[in-house]
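**Student:** Generate a structure from the sequence data that follows.
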Amino acid sequence: MPGTIADDQNAEGNLKHFAASRVWYKRGRRVAFVQVAFAFATPLASAVVLWYSLSNLKIWVTAAAITAALLDTIVLDPLQRSLRGKGANEQEVFDCEVLDLPWPSGLASRPSQARTNDAARKVDLARHRNWYPDVSAAPRWLGALICQQCSSWWDAKLRRNYINMLICLLSAAILGLSGLSLYKKLSFDLVITTIYAPLLPLINWAIREIMRHRETERLSSRTEEQAAATWDRALKGEVQDCKAAIREVQDAIYYRRRTNPFVPDLLQRIQQAGYREIMDKTAAEMTAKAAATVATRPEIGNCAGA
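**Tutor:** Just a heads-up that it's a prediction; the model follows:
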């Protein structure tokens, strides 16, 4: 029987969970934006102080840089992690319902329906329809593997591009302020107080983001490979317990969502159209291959556990 992923992902109850996840992620991105603002504000302030020779403000810029670094570590970063976890839990409910998976009791905390309704009450659910590509022609469990593989590929690709952008921004900021210090012929103590200290929040934020996104990109790539390997075994009829197989892949996806750093909405929107086209094409090819395989070997579509 064809899967019903295309229908289930657009059911109102499931869309509420997906919309709620977007709300929590959006709040988390707002916190991330504040972190970015702190990271860039002090280097910019230092550049202004240097350019206009406002020596009486140097100590205040240094103090602001140290305060921003402490606030980011003690308050903002834990808050961002909390919001990200809530979003991951809501999206896991969506995936479990749509991909027909058991709930990972040992990993996730299932949100109450009241909390979901509260988070999604102002969201236009129609905006979130058709999150996954159409895999209706494949058996449901094979369609779930296709969705998991496409999702992991998209995440890894997005983060690779963001890492490159972060490296360019950090390098530009360091080179710009270093060049300004040489132009102004600053002494060593002034370089420390007006260059290094103001750059500290930016360096701290950028290095942390680069390391986290790189680790998440590697995790997404490994999950894509895991889903691809399971897919290959599935088409050979070597998977005995289908739900256990896709649940194993989903556990890696959930862990990634719960721990991954945020990517700016603007970057996602810019790249989404092109990547969606690739994802839909890949899903269509895999779905056709699954349908052809099941036509000659029907037992694959009815694997135990599905």
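
**Student:** So what's the model's average confidence on the one helix or strand residue 68 maps to?
**Tutor:** For residue 68, the element it lies in under DSSP states H and E is helix 58-71. In this model, helix 58-71 carries a mean pLDDT of 78.

**Student:** buried sites along that helix?
**Tutor:** Buried residues in helix 58-71, counted by 16 or more other CB atoms under 10 Å: 58, 61, 62, 64, 65, 68, 69. (Each C-beta comes from the backbone N, C-alpha and C, glycine too.)

**Student:** Equivalent analysis for stretch 247-256, please.
**Tutor:** 247, 249, 250, 251, 252, 253, 254, 255, 256.

**Student:** What is the lengthiest helix in the chain packed up against?
**Tutor:** When the chain is parsed with DSSP state H, its longest helix is helix 140-184. Helix 140-184 is packed against helix 5-8, helix 12-51, helix 197-235, helix 242-259, helix 265-296, with contacts defined by 3 or more CB pairs under 8 Å, 6 or more residues apart in numbering; DSSP states H and E.

**Student:** what separates that helix from the chain centre, distance-wise?
**Tutor:** Taking CA atoms, centre = their mean, to the nearest Å, one finds the center of helix 140-184 at 11 Å from the center of the full chain.

**Student:** could you check the angle helix 197-235 makes with it?
**Tutor:** 160 degrees (axes from the mean of the first three to the mean of the last three CA atoms, to 10 degrees).

**Student:** pLDDT weak spots in this protein?
**Tutor:** The model of the chain has pLDDT under 70 over residues 1-3, 46-47, 50-53, 58, 186, 188-198, 303-306.

**Student:** Put together TSV for the helices and strands packed on helix 140-184, with distance to residue 122 on each row.
**Tutor:** Compiled in TSV, the helices and strands packed on helix 140-184 are given as follows (distance: least, CB to CB, whole Å):
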stretch	distance to residue 122
helix 5-8	24
helix 12-51	8
helix 197-235	29
helix 242-259	23
helix 265-296	17
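
**Student:** after the helix holding residue 68, next one along is what?
**Tutor:** Next element after helix 58-71 (DSSP H and E): helix 77-98.

**Student:** List of residues touching that following helix?
**Tutor:** The contact list for helix 77-98 (CB atoms under 8 Å, 6 or more residues apart in numbering) reads 5, 8-9, 11, 13-14, 17-18, 20-25, 27-28, 31-32, 35, 101-104, 108-111, 116, 119, 131-132, 250, 253-254, 257-260, 262.

**Student:** Can you give the contact residues for stretch 138-150?
**Tutor:** Applying CB under 8 Å, 6+ apart, the set of residues contacting stretch 138-150 is 1-5, 99-101, 132-133, 135-136, 223-224, 227-228, 230-231, 234, 242-243, 245-246, 249-250, 253, 279, 282-283, 286-287, 290-291, 294, 300-303, 306.

**Student:** Report the buried residues of stretch 171-186.
**Tutor:** So, applying 16+ other CB under 10 Å, buried residues of stretch 171-186: 173, 174, 177, 180, 181, 186.

**Student:** Dump those residues into TSV; add distance to residue 93 as well.
**Tutor:** Formatted as TSV, the buried residues of stretch 171-186 follow (distance: CB to CB, whole Å):
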residue	distance to residue 93
173	40
174	43
177	46
180	51
181	52
186	56
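
**Student:** just to revisit the earlier point, tell me which of the helices and strands packed on helix 140-184 sits nearest to residue 124.
**Tutor:** Nearest to residue 124 among the helices and strands packed on helix 140-184 is helix 12-51; the distance by CB to CB comes to 8.3 Å.

**Student:** Show me what that closest one is packed up against.
**Tutor:** Using 3+ CB pairs under 8 Å, 6+ apart as the test, helix 12-51 ends up in contact with helix 58-71, helix 77-98, helix 113-120, helix 140-184, helix 197-235.

**Student:** tilt between the last one and helix 58-71?
**Tutor:** Okay, so that is helix 197-235. 30 degrees.

**Student:** follow-up on the earlier one: tell me which two of the buried residues of helix 58-71 sit farthest apart.
**Tutor:** 58 and 69 (17.1 Å).

**Student:** just checking, residue 280 touches residue 132?
**Tutor:** No. Using CB atoms under 8 Å, residue 280 makes no contact with residue 132, being 9.9 Å away.
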